[in-house]
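>>> Structure for the following, please:
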Amino acid sequence: MRKMFTRKEIISVLLAVLSVILLCSCTDNNSVVSESGRYVDGYYQITQIKAKELMDSEKDYIILDVRTEEEFKEKHIENAILIPHTEIEQRAEKELKDKNQLILVYCRSGNRSKTASKILAELGYTNVMEFGGINSWTYGTVK
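Numbering: from 1, shown residues only. Model (predicted):
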């Protein structure tokens, strides 16, 4: 004789399956994708297209170049300020007063900007967006 499942048993099994699916599909908080970009270690990684859109649409932001002074003098994005990634911990709170201000961070290829962005997030900056390196920036630079 075949046993019929009660409505309560079916609902319990469905809830258990749904719970397993949700647990397996979740990402950790260190890597969440949103409309703004990929959230990693307290900051967003965004595309250069998104960075340019923000530069064109926002009013109160900082473009932060974290390369060396020599690299900055060679070329940089217009209106960028320079704080080399090796000096972020010592200089950020003096030069980047508003911890909620939008800060767009770049370097040469994207490695130092990730390091600097993580440090800024650890220092309590809440609106940090890293967009890679000037090597692939196609929107113009100044010398």
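
>>> Just give me the neighbour total for Leu64.
Applying other C-beta atoms under 10 Å, we find 27 residues neighbouring Leu64. C-betas here are computed from N, CA, C, even on glycine.

>>> How about the secondary structure of it?
Per DSSP: H, G, I helix; E, B strand; the rest coil, the secondary structure class of Leu64 is strand.

>>> residues contacting it?
By C-beta atoms under 8 Å, 6 or more residues apart in numbering, the contact set of Leu64 is 80-81, 83, 96, 103-106, 116.

>>> Mind doing that once more with 7 Å?
80-81, 83, 103-105 (C-beta atoms under 7 Å, 6 or more residues apart in numbering).

>>> ditto for Ile88
Shown in contact with Ile88 (C-beta under 7 Å, 6+ apart): 66, 116, 119-120.

>>> for Cys107, same thing?
66-67, 85, 113, 133.

>>> quick one, phi psi at Leu102?
Here is the backbone geometry of Leu102 (degrees, to the nearest 10): phi -70, psi 120.

>>> how far away is it from Glu9?
Distance, Leu102 to Glu9, by C-beta to C-beta, to the nearest Å: 53 Å.

>>> in stretch 65-78, what's buried?
65-68, 71-72, 76-77 (16 or more other C-beta atoms under 10 Å).

>>> let me fix that: stretch 117-134
Quick answer for stretch 117-134 (16+ other C-beta under 10 Å): 117-121, 125, 127-134.

>>> Helix, strand, or coil at Thr86?
Strictly by three-state DSSP, Thr86 counts as helix.
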